[in-house]
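K.L.:
based on what follows, work out the 3D shape:
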Amino acid sequence: MQNNHNFFYQTITQTASAEFKDRGSKFIAYSFPINNKEDFKKQLNELKKEHAKAVHFCFAYRLGLNGNDFRVSDDGEPAGSAGKPILNQIDSKQLTNLAVIVVRYFGGTLLGVPGLINAYKTATTLALQVVPIIQKPIEIMYELHFDYTLMNEIMQLIKQYNCSVYKQEIQLFCVMKIGISKQRIDEILYKLKNLHTVSVRKIQL
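P.N.:
Numbering: from 1, shown residues only. Below you'll find the model as predicted:
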């Protein structure tokens, strides 16, 4: 199984929501896929518009594969009672490239820190239970430069190895940004380099 972690990561590709109630307070958790911080900000702004009367918008998100790109927010709740429990649920399922925002409507009774931790944790768990978790290949990004006459061969390789195309400029001389599955990298690089006029360059995201 360990081997798999080197080549795949787990994420979600659709949004879901779930609701948890405790002593009159309502916690609505929204889980959704994100590729960057801008995706997250957009979702947060939309939820703030949709739930104008809610008192708290607590959240956690995790991006990328290095484990360093994450953020948590208690949004006015006692420190550590909301954002961290949300992130713990994301991490317990070993997920990345997603966010969970929990919208709270206050019901008049204080729940105390243990009650809040339980509510944010439970709402998040429910939202992650109703959304399909999928495995995606870890990709390494490359930029290809090649002559238009090689277009067919390049596209065949991209199809054969299930590469993702992120950007293409098609002229007499073509530029293409592709993601190559880490698992198949040696094979496809070997084949690309065999197409003599193709230049292949690894790029950082």
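
K.L.:
from now on I want contacts and neighbour counts done on CA atoms only, so please keep to that.
P.N.:
Noted.

K.L.:
any idea which helix or strand in this protein has the lowest mean pLDDT?
P.N.:
helix 2-7 (a mean of 68; mean pLDDT, DSSP states H and E).

K.L.:
chain neighbours aside, what residue packs nearest to residue 17?
P.N.:
Leaving aside its sequence neighbours, residue 17 sits nearest to residue 30 (C-alpha to C-alpha, 6 or more residues apart in numbering; 4.4 Å).

K.L.:
what's the distance between the one you found and residue 110?
P.N.:
Per C-alpha to C-alpha, to the nearest Å, residue 30 is found 23 Å from residue 110.

K.L.:
cool, residue 23 as well?
P.N.:
From residue 23 to residue 110 the distance is 9 Å (C-alpha to C-alpha).

K.L.:
show me how far the helix or strand containing the residue nearest to residue 17 is from its chain's centre.
P.N.:
Assigned by DSSP states H and E, residue 30 belongs to strand 25-33. Put simply, strand 25-33 sits 16 Å off its chain's centre (C-alpha atoms, centre = their mean, to the nearest Å).

K.L.:
strand partners (parallel or antiparallel) of it?
P.N.:
Strand 25-33 has the following strand partners under DSSP bridges: strand 16-22 (antiparallel), strand 98-105 (antiparallel).

K.L.:
how about the CA coordinates for that strand, as PDB?
P.N.:
What follows is strand 25-33, C-alpha atoms only, in PDB (Å, rounded to 0.1, in the frame of the first residue of the first chain):
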ATOM      1  CA  SER A  25     -27.200  25.800  17.100                       C
ATOM      2  CA  LYS A  26     -27.000  24.700  13.500                       C
ATOM      3  CA  PHE A  27     -23.700  23.700  11.800                       C
ATOM      4  CA  ILE A  28     -23.700  23.300   8.000                       C
ATOM      5  CA  ALA A  29     -20.600  21.900   6.600                       C
ATOM      6  CA  TYR A  30     -19.600  22.300   2.900                       C
ATOM      7  CA  SER A  31     -16.900  20.300   1.400                       C
ATOM      8  CA  PHE A  32     -15.600  21.200  -2.100                       C
ATOM      9  CA  PRO A  33     -12.500  20.600  -4.300                       C
END
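
K.L.:
now it: average pLDDT?
P.N.:
Per-residue pLDDT values across strand 25-33 average out to 98.

K.L.:
next structured bit after it?
P.N.:
With DSSP H and E, the next secondary element past strand 25-33 is helix 37-50.

K.L.:
between strand 98-105 and the one helix or strand residue 116 maps to, find me the angle.
P.N.:
Taking DSSP H and E as the definition, residue 116 sits inside helix 112-129. Orientation check (axes from the mean of the first three to the mean of the last three C-alpha atoms, to 10 degrees): helix 112-129 against strand 98-105 gives 130 degrees.

K.L.:
isn't residue 145 right up against residue 178?
P.N.:
No: using C-alpha atoms under 8 Å, residue 145 makes no contact with residue 178, being 11.2 Å away.
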